[in-house]
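Asker: predicted coordinates and the sequence they were generated for:
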Amino acid sequence: MGKHKSARGRSNRHAPASVPQTSSTAPASGASDAMEAAMSGAASFGAGKKGDDKDIRLIQMVELLACDAADQRVVACGTLAMLFTAEANVKYACEKGIDAMLINALHSDASVAVRADAAGAIRNLVSTGASKEHVSVLVQKGILPACVAALGATFKTANEHILAPQKKSAEAGAQGGNLLASSWALVEQVAKLLTNCCELHDDVTDVINGTAASLLLLKLLGLRGASPQMAVAVLSLLQLLAEDNGKLVSIIQGSEETMTLVLGMLTYDRASLGINALVQTAAAAFALIVRPDDTSTETLATITSGLLRVVATPTAPLFAEVAPKLSVLQGGSADAMQWDVARDLNHLLEAQVDALETLANLCFVGAGDGGDDDGWEDVDDDAGMAPAMADDPTACPHMDEVLQRVLVEQQAVAHVKDQCVPLDKALEQVFAAGKSADDIGLELLTTKRMVHQRALGCLSNMFTGMHGDAFDAAIMSALWLTLLDLASQVPHGTDNEFLDVLTSTAFALLRTIVAKSGEGDPSPEGTKVVLLVPTADQVELMCRITAQASTTAVAINMIGCLGCIGQLNAPITHCQRIGEVLVQALQSPDPGILAETLNSIFDVFAETTYNSVVQALNLVPALKTLIGQLKQIIRQSKATCEPEILGRLHEARINLKRFLEYKASQ
């Protein structure tokens with residue numbers, strides 16, 4: 001699998017009207033007429049038949065932004081946030097200078113609520129424009145100083161309120177609570193806005209690191225009562241900033257208070273199930289970024305426990321709870337409590353994806369350099385010289401022993417394996433029956449499938465990184481049956497990404513089984529401990545998946561799986577069937593498939609055990625005719641094929657000569 005950043009970003013857009021309003025989110029009564037007019041304008045802004053219509057809507061927003069009433073300025077920012085989900089509206093509004101007005105509101109508005117919604121509207125400007133050039137323009141207009149000013153003012157206001165005397169009237173207490181809620185919302189929106197900018201423009205990260213933003217975010221994170229949503233946004237941004245900022249990492253590492261706070265978030269229990277999970281995964285990822293070489297048992301145990309608590313949380317009951325309400329949610333008439341369950345489930349699923357990715361990347365603790373990027377040198381192998389193979393930069397090294405012990409003690413494998421099991425078919429069909437791509441049911445189902453993929457990838461890294469020490473025969477047998485069952489359920493030609501991950505995990509599992517099966521008595525009289533002997537039906541299923549592989553990755557993984565099966569004291573009938581598939585695969589022009597096929601043939605048929613199969617398949621003559629073809633394939637593929645794959649094929653060609661010489665001597 002390899003270490004990777006998440007490809008699944010959270011929502012890039014601020015959607016102030018996505019959930020029905022409650023008493024705590026509804027605008028003040030004085031803004032109701034303005035809200036009605038603005039919402040009416042939002043429906044047609046940018047879609048009118050005449051240019052004057054756009055100008056009218058624009059003037060309405062400008063007037064609302066400039067009015068004295070803060071609640072009406074909030075309405076203007078919220079409406080603009082919705083308008084900016086359309087690219088035409090973004091372009092038109094930027095031409096009229098509304099982006100500069102929003103930046104000014106974020107920088108200097110007296111109302112914290114206005115600043116928060118202005119940040120949300122700018123977020124939509126950034127994510128809808130979605131280009132490096134667009135971010136550059138906003139930077140030139142002062143977006144970064146505005147963010148820093150907003151964070152500084154918020155820290156001062158929130159800190160003064162938290163440290164203020166506790167003797168307050170009920171009305172003052174309520175006003176203070178609203179102020180803090182708006183303050184946390186502002187910090188959350190600013191953090192997400194800066195994250196969007198960093199993701200679109202690498203240079204912005206360096207600029208932000210040159211400001212006081214990081215330190216202000218750390219201070220805000222430590223304030224008592226900070227919202228969990230704000231914590232997630234701030235941690236995610238700090239993780240992004242720390243990746244390229246050694247100074248920031250040093251500051252965080254030197255602050256026991258900060259690290260104690262972050263590690264304490266791994267037991268966060270003040271929020272809903274989903275938000276709780278998001279906080280834990282964000283804190284874990286952040287802790288690993290700022291302490292990449294910290295392998296202390298205590299730290300790793302804390303991080304791993306928090307991640308596994310998220311992974312182990314069952315989601316099927318929540319799916320069952322949401323299912324009866326699905327039609328109401330899709331219709332858009334749900335009340336806040338009905339939406340809360342669906343949102344909580346979505347947060348939890350997103351957190352499980354992140355947690356599984358972080359666990360998978362824990363396999364890379366202590367990884368060394370990947371070696372030379374050239375991959376291999378073209379040498380005269382006819383002179384008996386082997387190619388100079390570079391270390392594989394994507395190879396999963398062995399886990400640190402301390403981390404391995406912690407994962408074993410925490411039963412990580414069992415928890416991750418449970419997440420590979422799909423939903424009940426009947427329940428899945430309920431969520432799959434959506435009317436559009438934006439359907440809430442389809443969104444939840446899509447994220448759940450991503451959890452399955454990440455769980456499989458996490459297992460794959462565990463197999464490779466943990467030497468198989470955490471897996472006894474019962475666990476590996478159960479995993480094997482789970483993977484085969486999943487593979488049999490994927491229709492041919494569909495869900496290729498899932499099948500890629502699935503077969504990669506199966507290959508990693510079988511390599512682990514082969515390695516452990518070879519750990520028997522090394523003496524001539526000794527026997528190997530065979531942990532798995534597939535049935536004829538299972539071998540036939542593997543052969544069918546191999547023959548029908550719709551991607552090169554699936555074909556390579558399955559050919560590797562067949563090679564592993566042949567090394568497990570398989571019956572001759574099994575190896576006969578495996579050999580038939582491998583001989584057919586030799587006809588492929590793909591260098592990766594050819595390399596894996598040859599390696600599998602070497603593994604299965606090198607010894608005399610299956611010489612009768614070798615003769616029946618006419619394998620030796622077929623391989624002899626391939627030697628000259630391989631050299632030509634390597635030369636023709638240099639311009640289009642990855643060096644690593646060509647290196648494998650180059651090595652396989654040399655080993656083919658040795659294999660044929662060895663078979664001739666038997």
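Answerer: Ah, there it is.
Asker: show me what the helix or strand residue 285 falls within packs onto, helices and strands only.
Answerer: For residue 285, the host element (DSSP states H and E) is helix 273-290. For helix 273-290, the contact count by 3 or more CB pairs under 8 Å, 6 or more residues apart in numbering; DSSP states H and E identifies helix 228-242, helix 246-253, helix 256-264, helix 297-311, helix 336-362 as packing neighbours. Where you see a C-beta, it was placed from the backbone N, CA and C, and this is true even at glycine.
Asker: what is the neighbour count of residue 543?
Answerer: Counted with other CB atoms under 10 Å, the burial measure for residue 543 works out to 20 neighbours.
Asker: can you show me the helices along the stretch 401-550 of the chain?
Answerer: Secondary structure of the stretch 401-550 of the chain by DSSP state H, counting those that start in this stretch: the helices cover 401-409, 412-418, 425-432, 440-465, 473-489, 496-517, 536-547.
Asker: now do the helix holding residue 285 against helix 297-311, angle only.
Answerer: 150 degrees (axes from the mean of the first three to the mean of the last three CA atoms, to 10 degrees).
Asker: got any ranges where the stretch 401-550 of the chain has weak pLDDT?
Answerer: Across the stretch 401-550 of the chain, the stretches falling below the confidence threshold (pLDDT under 70) are 401-403, 435-438, 465-473, 492-495, 518-531.
Asker: next, find the distance separating the residue lying closest to residue 454 once chain neighbours are set aside from residue 509.
Answerer: Distance criterion CB to CB, 6 or more residues apart in numbering; nearest residue to residue 454, sequence neighbours excluded, is residue 356 at 3.8 Å. Distance from residue 356 to residue 509, counting by CB to CB, to the nearest Å: 17 Å.
Asker: which residues touch residue 229?
Answerer: Taking CB atoms under 8 Å, 6 or more residues apart in numbering as the contact definition, residue 229 lies against 184-185, 188, 275.
Asker: for those, work out which two are farthest apart.
Answerer: Between any two of the contacts of residue 229, the greatest separation by CB to CB is 14.0 Å, found for 185 and 275.
Asker: which intervals of the stretch 51-200 of the chain have sub-threshold pLDDT?
Answerer: Using pLDDT under 70 as the threshold, the predicted model of the stretch 51-200 of the chain has low-confidence ranges 51-58, 163-177.
Asker: and the helices in the stretch 101-250 of the chain?
Answerer: Secondary structure of the stretch 101-250 of the chain (DSSP H, counting those that start in this stretch): helices at 112-129, 132-140, 143-163, 170-200, 202-209, 213-221, 228-242, 246-253.
Asker: out of those, flag the one nearest residue 326.
Answerer: For these, distance to residue 326 was read as CB to CB. The smallest value, 24.8 Å, belongs to helix 228-242.
Asker: okay, the angle between that closest one and helix 273-290?
Answerer: Calculated by the same axes, to 10 degrees, helix 228-242 forms an angle of 20 degrees with helix 273-290.
Asker: quick check, residue 622 in contact with residue 583.
Answerer: Yes: shown here, residue 622 and residue 583 form a contact pair, counting by CB atoms under 8 Å, at 6.2 Å.
Asker: compare these two (neighbour count), which wins?
Answerer: Each of residue 622 and residue 583 had its neighbours counted (other CB under 10 Å), and the higher figure belongs to residue 583 (16 against 13).
Asker: how close does the residue lying closest to the more buried one once chain neighbours are set aside get to residue 499?
Answerer: Beyond its immediate neighbours in the sequence, the residue positioned closest to residue 583 (CB to CB, 6+ apart) is residue 617, lying 5.6 Å away. Look at residue 617 and residue 499: by CB to CB, they are 28 Å apart.
Asker: all good on my end, thank you.
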